[in-house]
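**Student:** have a look; sequence and predicted model below, questions after that.
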Amino acid sequence: LRWLKNTLKLQPWRAMCRDSVAEPSLSPLGGDSPMEMDKRYWFVFFLPALLFLIYLSAGFQRWFAFTASTPGAQPKQVEMARAELQSIALLQQQADGLLRLWNATSNSSDGEMLKGEIMAQIRLNREAQQMLLSSHQNRSALGAGSRAYYNLDAGGSASTCRVVDTVKHAVKNGYRWKPNANKYLVAVCTSGQFSNHLICIEKHMFFAALLNRTLVLPNSKVDYSYERVLNISHIQDCFAGNSTVITFDDFRIMRKGNLFVNRFLCYMHDCYLDKDHEDALNRVGITWGKKEDAWSEAANEKPPSRLDAAQFISKFACDDEVIGIGDVFYANVEEKLLKQTGGPLAHTCQSIIKPHSFILAAAERFIQTFLGRNFIALHFRRYGFLTFCNENSKKGQNCFFYPIPQAADCILRKVKSSTASVIYLSTDAQESETALLQSLLVESGTVIPLVQRPMHEKGEKWDSPLARHGVLSDKEVIAMLDKTICAMSATFIGTPGSTFTDDIMRMRREWGTSSTCDEFLCQGEKPNFIAGLH
């Protein structure tokens, strides 16, 4: 105790400034002297006290920082918060202006490049807003306000692509379809592939309505099996009657096997029927008495480039029970009505031509499994278009067969204007082409995956609706499945000049899934290389 008292009497500066060199021991016990020991005890005594004071000071700082959020507690912090909110408001105004500039930019090649740069600036703007908002407790309310400026989707991601507003069931100036009893129009379609035939069937429906007749769908041994692809009962329900459209088998039953066509009055020359098609019709029991052109070649007449409904009726109306007018894919009657959303006929449905229910179910399961809600669909038609393109170019007509690198650039520009991270690819291209395309689809170091519909595997569940109906290998069913998936995408890129693409766009308009970003591949551009022209 005496030593401790002497130690506490020492001058602090002496203890702190003592030379660190050891002095001779003065202790009678031979140990350290009290002056040598005071340095260590000084720190032992004061170090815990110093740490305790630091702990208290940190706690008080936290308490003051907490109370700073109360009104008037910290004027500088309140001023900083106000400045941040003003900065957010300015960023929102900047984003609004960028979006207006994006919408005003054309879809040309240079315009698409500019759009990509504008979108990059919009994303930087969004990140800046989010960083400023992250320091505010009311950032959720502010975020809701910024969504209006950003045109954000439900997940809060910036996007300039939005669904086109369409009014459901809005079919204006539509013709009523009220078939007369025992009056039939037998559909015959021969031009092109399945999508061309669908257009031919749609036009037949319109013409049957104009002539007040029931439409008879083709036999699957002569044409495609439409009843496996289309929901026929849905078509009938749209017109509130079962007598508008019937299958060939139903027609056979109604006629008790009498499949005689009283008259073939051909819209196109010779009804577009060659010897092979005529033989195929005969094999399923269809015969006819007379086949003549509506416009006589002897009188040097040709089908007009355009017809209105009254002209068509005056040319093809007759009292015969069963008639045919041949292939009408190229027929042009009431073009504006045919192109309007919902078609030219008055009906009660959103869309008349609708895939079968099991195709819709398989498409939805595929999207749920592989794609998710936000995806881009690309119809990339290649087969036959190379030759078609080169022939058109020699005639001075448009060509839409793009080299793979050019196509990849066009696709990437579209990806930049969307928030989608995956692309569904519907194509007839060879694997060598799709592999090169995939390798070029890289955005900011990230590969944009191309997803194609896989072959059926026993473990797969998404295509079980098709398996249950035994149509896994049906080419037309698979084609309609591809169309349905594309029609459900957030953004669609189609192939110009393709009726497959045209039908997808029709479906999107009628289903209300069209996007402001939907367009043809490399729209407004010419191929950067065409064989024979370079």
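**Tutor:** That came through, no problem.
**Student:** next structured bit after the lowest-mean-pLDDT helix or strand in the chain?
**Tutor:** Least confident helix or strand of the chain, by mean pLDDT, DSSP states H and E, is helix 139-150 with a mean of 37. Counting by DSSP states H and E, the element after helix 139-150 in chain order, helix or strand, is strand 184-186.
**Student:** only the C-alpha atoms, please, for the helix or strand just after that following strand, written as CSV.
**Tutor:** Following strand 184-186 in sequence order, the next helix or strand is helix 194-210 (DSSP H and E). Extracted in CSV, the C-alpha atoms of helix 194-210 (Å, rounded to 0.1, in the frame of the first residue of the first chain):
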residue,chain,number,x,y,z
PHE,A,194,-49.6,-25.2,-93.3
SER,A,195,-49.6,-21.4,-92.6
ASN,A,196,-50.6,-20.7,-96.2
HIS,A,197,-53.4,-23.2,-95.8
LEU,A,198,-54.6,-21.6,-92.6
ILE,A,199,-54.9,-18.3,-94.4
CYS,A,200,-56.8,-20.1,-97.2
ILE,A,201,-59.2,-21.6,-94.6
GLU,A,202,-59.8,-18.2,-93.0
LYS,A,203,-60.7,-16.7,-96.4
HIS,A,204,-63.0,-19.6,-97.1
MET,A,205,-64.8,-18.9,-93.9
PHE,A,206,-65.3,-15.3,-95.0
PHE,A,207,-66.5,-16.3,-98.4
ALA,A,208,-68.9,-19.0,-97.0
ALA,A,209,-70.4,-16.2,-94.8
LEU,A,210,-70.9,-13.9,-97.8
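**Student:** average pLDDT for helix 194-210?
**Tutor:** Averaged across helix 194-210, the pLDDT comes to 95.
**Student:** how far off centre is that helix?
**Tutor:** Taking Cα atoms, centre = their mean, to the nearest Å, one finds the center of helix 194-210 at 27 Å from the center of the full chain.
**Student:** counting contacts, what elements does that helix pack onto?
**Tutor:** Here helix 194-210 touches strand 184-186, strand 214-216, helix 309-316, helix 335-339, helix 475-487, helix 499-511, going by 3 or more Cβ pairs under 8 Å, 6 or more residues apart in numbering; DSSP states H and E. For glycine as for every other residue, the C-beta is placed from the backbone atoms N, C-alpha and C.
**Student:** can you list the low-confidence ranges for the stretch 51-200 of the chain?
**Tutor:** Scanning the stretch 51-200 of the chain for pLDDT under 70 picks out the ranges 51-74, 96, 100, 102-104, 106-110, 112, 130, 133-160, 165-173.
**Student:** let's see that with 50 instead.
**Tutor:** For the stretch 51-200 of the chain, the stretches with pLDDT under 50 are 51, 55-56, 58-73, 137-158.
**Student:** in which helix or strand does Cys349 reside?
**Tutor:** For Cys349, there is no host helix or strand (DSSP H and E).
**Student:** all the helices of the stretch 201-350 of the chain, residue numbers only.
**Tutor:** For the stretch 201-350 of the chain, the helices defined by DSSP state H, counting those that start in this stretch occupy 226-229, 232-238, 248-254, 275-283, 309-316, 335-339.
**Student:** ok, which of those comes nearest Val328?
**Tutor:** Closest to Val328 of those, according to Cβ to Cβ: helix 309-316, at 10.3 Å.
**Student:** quick one: mean pLDDT for the closest one?
**Tutor:** Average pLDDT, helix 309-316: 93.
**Student:** which residues are in contact with that helix?
**Tutor:** With contacts defined as Cβ atoms under 8 Å, 6 or more residues apart in numbering, helix 309-316 is touched by 175, 207, 210-211, 265, 267, 294, 304, 307, 323, 325, 333-334.
**Student:** if we go to 6 Å?
**Tutor:** Contact with helix 309-316 is made by Leu210, Leu265, Ala294, Val333, Glu334, as judged by Cβ atoms under 6 Å, 6 or more residues apart in numbering.
**Student:** buried sites along whichever strand or helix holds Gln86?
**Tutor:** Assigned by DSSP H and E, Gln86 falls within helix 75-104. Of all the residues in helix 75-104, those buried under the rule 16 or more other Cβ atoms under 10 Å are Ile88, Leu91, Gln92, Gln94, Ala95, Leu98, Leu99, Trp102.
**Student:** what sits up against stretch 174-186?
**Tutor:** 208-209, 212-216, 239, 243-244, 261, 321-324, 345-346.
**Student:** let's go with 8 Å and repeat that
**Tutor:** Residues outside stretch 174-186 that contact it (Cβ under 8 Å, 6+ apart): 204-216, 239, 241, 243-244, 251, 261, 286, 309, 321-325, 337, 342-347.
**Student:** do the same with stretch 515-534
**Tutor:** Stretch 515-534 has contacts (Cβ under 8 Å, 6+ apart) with 106-109, 111, 160-164, 378, 380, 389-390, 393-394, 399-403, 406-407, 410-411, 414, 417-418, 490-496, 501, 505, 508.
**Student:** where do the helices sit along the stretch 351-500 of the chain?
**Tutor:** 357-366, 385-394, 404-416, 431-440, 464-468, 475-487, 499-511.
**Student:** run through the neighbouring helices and strands of the third one.
**Tutor:** Judged by 3+ Cβ pairs under 8 Å, 6+ apart, the packing partners of helix 404-416 are helix 109-133, strand 376-380, helix 431-440, strand 442-443, strand 491-494.
**Student:** nearest to Val222, of the ones you listed?
**Tutor:** The nearest among the helices and strands packed on helix 404-416, by Cβ to Cβ, is strand 376-380 at 27.8 Å.
**Student:** neighbours of the closest residue to Lys221 other than its chain neighbours, how many?
**Tutor:** Nearest non-adjacent residue to Lys221, counting by Cβ to Cβ, 6 or more residues apart in numbering: Val284, 5.4 Å away. Val284 has 14 neighbours, counted by other Cβ atoms under 10 Å.
**Student:** mind listing what Val284 touches?
**Tutor:** In this structure, Val284 makes contact with Asn219, Lys221, Val222, Phe248, Leu259, judged by Cβ under 8 Å, 6+ apart.
**Student:** mind redoing it with 6 Å?
**Tutor:** Contacts of Val284 (Cβ under 6 Å, 6+ apart): Asn219, Lys221, Val222.
**Student:** and the buried ones among those residues, selectable in ChimeraX?
**Tutor:** Buried residues within these, by 16+ other Cβ under 10 Å, are selected in ChimeraX with:
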select :219,222
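**Student:** any chance of the contacts of Val284 in TSV, plus pLDDT?
**Tutor:** As requested, the contacts of Val284 are exported to TSV (pLDDT from 0 to 100):
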residue	pLDDT
Asn219	94
Lys221	93
Val222	93
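**Student:** what's near enough to touch Phe366?
**Tutor:** Contacts of Phe366 were listed using Cβ under 6 Å, 6+ apart, and they are Trp462.
**Student:** start the count at 578, not 1, going forward
**Tutor:** Yes, from this point I'll number from 578; that puts the last item at Phe943.
**Student:** now Lys993. Nearest residue, chain neighbours left out?
**Tutor:** Nearest non-adjacent residue to Lys993, counting by Cβ to Cβ, 6+ apart: Gly693, 4.2 Å away.
**Student:** related to what we said a few turns ago, rank the helices of the stretch 928-1077 of the chain by mean pLDDT and give me the bottom one.
**Tutor:** Sorting these by mean pLDDT places helix 962-971 lowest, at a mean of 81.
**Student:** before we move on, back to that, and Leu1043, which of the helices and strands packed on helix 981-993 is closest to it?
**Tutor:** Proximity to Leu1043 (Cβ to Cβ) singles out strand 953-957 among the helices and strands packed on helix 981-993, at 19.2 Å.
**Student:** now do the closest one against helix 981-993, angle only.
**Tutor:** Put simply, strand 953-957 runs at 160 degrees to helix 981-993, going by axes from the mean of the first three to the mean of the last three Cα atoms, to 10 degrees.
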